[in-house]
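Chemist: Pasting a predicted model and its sequence here:
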Amino acid sequence: MLRIVKYVLYDILQNRMVIGYTLFLLAVSFGLFNLSGDPTKGMVSLLNIVLIVTPLVSIVFSTIHYYNASEFIELLAAQPIRRSVIVWSEFFGLAGALALAVFVGIGLPVALFSPNATGLTLVIVAAALSVAFVAIALLASVLTRDKAKGIGVSLMLWFYFALLYDALVLFLMFSFADYPLEKVMLAFIALNPIDLARVVVLLQMDISALMGYTGALFREFLGTGWGIGFAFVVLLAWVLIPISIAVRVFRKKDL
C-alpha cells in the first residue's frame with residue numbers, strides 16, 4: 001500500500017490546483033494578518049476563510065481526482081491487490097497532500113504572527129476538516145458512478161454542512177425557544193464537523209461570551225481538556241466513518 005500512497009501523493013502534489021490552493025492560502029493568511037494589525041482579528045478572519053474554503057476545496061478536488069483516476073483504479077483492481085488497499089491509498093494520498101497544503105499555506109503565517117495555542121488549534125482544525133471532507137468526498141464518489149452526479153452530490157454535501165445546517169439549527173431553536181435546548185445544541189454541533197471546528201477555535205480565543213449562555217455551556221464542556229479531546233474524537237469519527245463505509249461499498253462495487 002505504501003508504494004501506491006507514494007505514487008498518489010506525488011501525483012497530487014504536482015497538480016496545479018493543489019499548488020494554487022497552497023499559494024492562495026498563503027497569500028490570504030499573510031494578507032489578513034498584515035491588514036488587521038491585531039493577531040486576534042486576523043485569526044477570526046482567517047477562521048472564516050478556513051471554515052468555507054478548506055472543506056469546499058477538499059471535497060471538490062477529491063471528487064474530481066477520484067473520477068479522473070478511474071482508469072488507474074480499475075487497473076489496480078485488476079491486480080492481486082485488495083480493494084480496501086486501493087481506497088485507503090487514495091484516501092491517504094489525498095488527505096496527505098491537502099493537509100500539507102494547509103500546514104504550508106496557513107501554518108507558516110500563523111507560526112509567524114500568532115505562535116500560540118490558538119494558532120496551533122486553528123491549523124490542526126483546518127487540517128482535520130480537510131481530511132474529514134476528503135473522506136466524505138470518497139464516500140460520495142464511490143456511491144455515485146456518474147462523474148457529474150458525483151460532483152453535484154459533493155457540492156450539495158458542502159452546501160449542507162457549510163450553510164444549510166446552520167439555518168436548520170436556527171429554525172429549530174426559534175421553533176422550540178420555550179424549551180431548554182442548550183444541551184441539545186452540543187449534539188447538534190457534533191453532527192456538523194464545520195460547526196464543531198468553529199466552536200473549538202472560538203473557545204480557544206476566549207470570546208465564547210459572544211455566544212451568550214450557550215457559549216458558557218460550551219466553555220464548561222468543550223473548554224476543558226476533556227472537552228477538547230472529545231471534539232477531536234468526534235472529528236476523527238467524521239474521518240473514519242465515511243471512509244470505512246466507502247471501503248465497504250467499494251469492495252462490493254462492480255467496476
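Modeler: Arrived safely. Everything quoted here is computed from the prediction, not taken from an experiment. Numbering: from 1, shown residues only.
Chemist: What's the local residue count around Met17?
Modeler: 14 (other CB atoms under 10 Å). For the C-beta atoms, the positions are set from N, CA and C on the backbone; glycine is no exception.
Chemist: ok, and what's touching the helix or strand hosting it?
Modeler: Per DSSP states H and E, Met17 falls inside helix 16-36. The contact list for helix 16-36 (CB atoms under 8 Å, 6 or more residues apart in numbering) reads 12, 39, 42, 45-46, 49, 53, 57, 61, 97-98, 100-102, 104-106, 108-110, 112-114.
Chemist: Nearest residue to the middle of this structure?
Modeler: Leu129 (1.8 Å; CA atoms, centre = their mean).
Chemist: Now Ser114. Its backbone dihedrals?
Modeler: phi -140, psi 70 (degrees, to the nearest 10).
Chemist: ok, back up a step: can I get the CA coordinates of the helix holding Met17 in CSV?
Modeler: Taking C-alpha atoms only, helix 16-36 is exported to CSV below (Å, rounded to 0.1, in the frame of the first residue of the first chain):
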residue,chain,number,x,y,z
ARG,A,16,-1.6,22.8,-10.4
MET,A,17,-4.8,23.1,-8.4
VAL,A,18,-3.1,21.9,-5.2
ILE,A,19,-0.2,24.3,-5.8
GLY,A,20,-2.5,27.2,-6.5
TYR,A,21,-4.6,26.3,-3.4
THR,A,22,-1.5,26.4,-1.2
LEU,A,23,-0.4,29.7,-2.7
PHE,A,24,-3.9,31.1,-2.2
LEU,A,25,-4.0,30.1,1.5
LEU,A,26,-0.5,31.6,1.9
ALA,A,27,-1.4,34.9,0.3
VAL,A,28,-4.8,35.2,2.1
SER,A,29,-3.3,34.3,5.5
PHE,A,30,-0.4,36.8,5.2
GLY,A,31,-2.8,39.4,3.9
LEU,A,32,-5.3,39.1,6.7
PHE,A,33,-2.6,39.3,9.4
ASN,A,34,-1.0,42.3,7.8
LEU,A,35,-4.2,44.2,7.2
SER,A,36,-5.8,43.6,10.6
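Chemist: elements contacting whichever helix or strand comes after it?
Modeler: Downstream of helix 16-36, the first helix or strand assigned by DSSP H and E is helix 39-68. Counting contacts by 3 or more CB pairs under 8 Å, 6 or more residues apart in numbering; DSSP states H and E, helix 39-68 is packed against helix 16-36, helix 83-102, helix 108-113, helix 117-143, helix 147-159, helix 193-204.
Chemist: just the angle between the helix holding Met17 and helix 39-68, please?
Modeler: Following axes from the mean of the first three to the mean of the last three CA atoms, to 10 degrees, one obtains 170 degrees for the angle between helix 16-36 and helix 39-68.
Chemist: Buried residues in helix 16-36, which are they?
Modeler: 18, 21-22, 25-26, 28-30, 32-33, 36 (16 or more other CB atoms under 10 Å).
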